[in-house]
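A.B. asks: My questions are about this predicted structure, shown below with the sequence.
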Amino acid sequence: MDLKGILSSPQVSSTSYDKVIYFQADRYPKTAAHIEYAIDKGKSAICTIDCDGAEENRSQSLKGIPTKKGYDRDEYPMAFCDEGGTDVDIEYVKPADNRGAGSWISHQVNDFPDGTKILIQVK
């Protein structure tokens, strides 16, 4: 879904977020596909940063989801988002793609304080 499509959806308006992150699908294709899939299924395209809640969110989101040899359990919305935790979408993704994507996103939001609303746009 492109930015125009996201902004025209009833749950997102240009005043409902503070920043936009353009997630690089060509660098992390499996994670990008998961983000798009989860948003298409109704998960929020907006992430409200909540770094203090990340550990608890991760614990809730991965509870009961078995590990799979050679794969990470990718969660969307991500654990550092207030929208993370229970009722997230989980996909099995190869570690290089998932961890690279996690590191990249981390660097994008590192300077934003908790409470910042980020629109995630896959590009």
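C.D. replies: Thanks, I have it. Computed from a predicted model, the values in this text were never measured in an experiment.

A.B. asks: Find the least confident helix or strand in this structure, judged by mean pLDDT.
C.D. replies: Between all helices and strands in the chain, the lowest mean by mean pLDDT, DSSP states H and E belongs to helix 3-8, at a mean of 47.

A.B. asks: what's downstream of it, the next helix or strand?
C.D. replies: Towards the C-terminus, the helix or strand next in line after helix 3-8, according to DSSP states H and E, is strand 19-23.

A.B. asks: Touching stretch 34-54 from outside, list them.
C.D. replies: By Cβ atoms under 8 Å, 6 or more residues apart in numbering, the list of residues contacting stretch 34-54 from outside reads 1, 6, 9, 11-12, 16-17, 23, 57, 74, 76-85, 88-89, 91, 93, 109, 112-122. Quick note: C-beta positions are derived from backbone N, CA and C, even for glycine.

A.B. asks: tell me which residues in it are buried?
C.D. replies: Judged by neighbour count (16 or more other Cβ atoms under 10 Å), stretch 34-54 contains these buried residues: 34-36, 38-39, 43-50, 53-54.

A.B. asks: Farthest-apart pair in these, please.
C.D. replies: Glu36 and Gly53 (24.4 Å; Cβ to Cβ).

A.B. asks: Just the buried ones among the contacts of stretch 34-54, please.
C.D. replies: Neighbour-count burial (16+ other Cβ under 10 Å) is assigned, among the contacts of stretch 34-54, to 6, 12, 17, 23, 57, 74, 76-85, 88-89, 91, 93, 109, 117-122.
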